[in-house]
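**Student:** Just to be clear, the model below is a prediction. Sequence and coordinates:
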Amino acid sequence: MPHSSPPPRAPGTVVHIRDLAGRPRGTGFLVDAAGTLLTSHEAVDGLPRLVLHAPGDARTRLVEAADVTPLPAADLAVVRAGGLAGGRPFALAAAGLEDGAEVAGGRPAAVRVPERVVAAAPATY
């Protein structure tokens with residue numbers, strides 16, 4: 001029987017970040033099914049609260065500063081946004097992987113399905 005690849009994975013959930021006045025601050029993306037969001041440090045820096053909105057989704061969430069873990073040395077921030085739980089996480093992998101490399105997907109171990117790197121690219125702040 002020939003080996004078949006799994007069907008293409010739907011893209012992960014990108015979340016828009018706004019301040020309380022509705023001004024755009026940036027975007028982030030879900031990295032797990034619990035609603036953990038990875039974003040740039042500058043998108044959340046100095047905000048007492050964040051307004052998060054996943055496009056195509058009626059879920060808009062207010063997040064307190066206590067739910068933000070700033071990582072300024074890495075120019076990143078992690079946001080605990082449980083209200084976005086169940087969104088489609090992006091798979092993260094270490095640098096140096098080639099396009100098409102197999103990685104573990106962002107699913108519970110009981111239903112882990114191999115994923116493939118779609119594209120690798122450098123990123124800067």
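**Tutor:** Here it is on my side, so go on. Numbers count the residues shown, from 1 in each chain.

**Student:** residue boundaries of the helices in the chain?
**Tutor:** 41-44 (DSSP state H).

**Student:** So what does Gly87 have for phi and psi?
**Tutor:** With angles defined as degrees, to the nearest 10, Gly87 sits at phi -70, psi 170.

**Student:** Show the pLDDT at it.
**Tutor:** pLDDT for Gly87: 73.

**Student:** what's the spacing between the closest residue to Gly12 other than its chain neighbours and Asp45?
**Tutor:** Closest residue to Gly12 apart from its sequence neighbours, by Cβ to Cβ, 6 or more residues apart in numbering: Phe90 at 3.4 Å. To be clear about C-beta, it is placed using only N, CA and C from the backbone, and glycine gets the same treatment. As judged by Cβ to Cβ, to the nearest Å, Phe90 and Asp45 stand 22 Å apart.

**Student:** Which one of these two is surrounded by more residues?
**Tutor:** Phe90 (20 against 12; other Cβ atoms under 10 Å).

**Student:** Asp32 is in contact with the more buried one, correct?
**Tutor:** No: counting by Cβ atoms under 8 Å, Phe90 sits too far from Asp32 to count as a contact (9.6 Å).

**Student:** For stretch 76-88, what is the spacing between the initial and final residues?
**Tutor:** End-to-end distance of stretch 76-88 (Cα to Cα, to the nearest Å): 20 Å.
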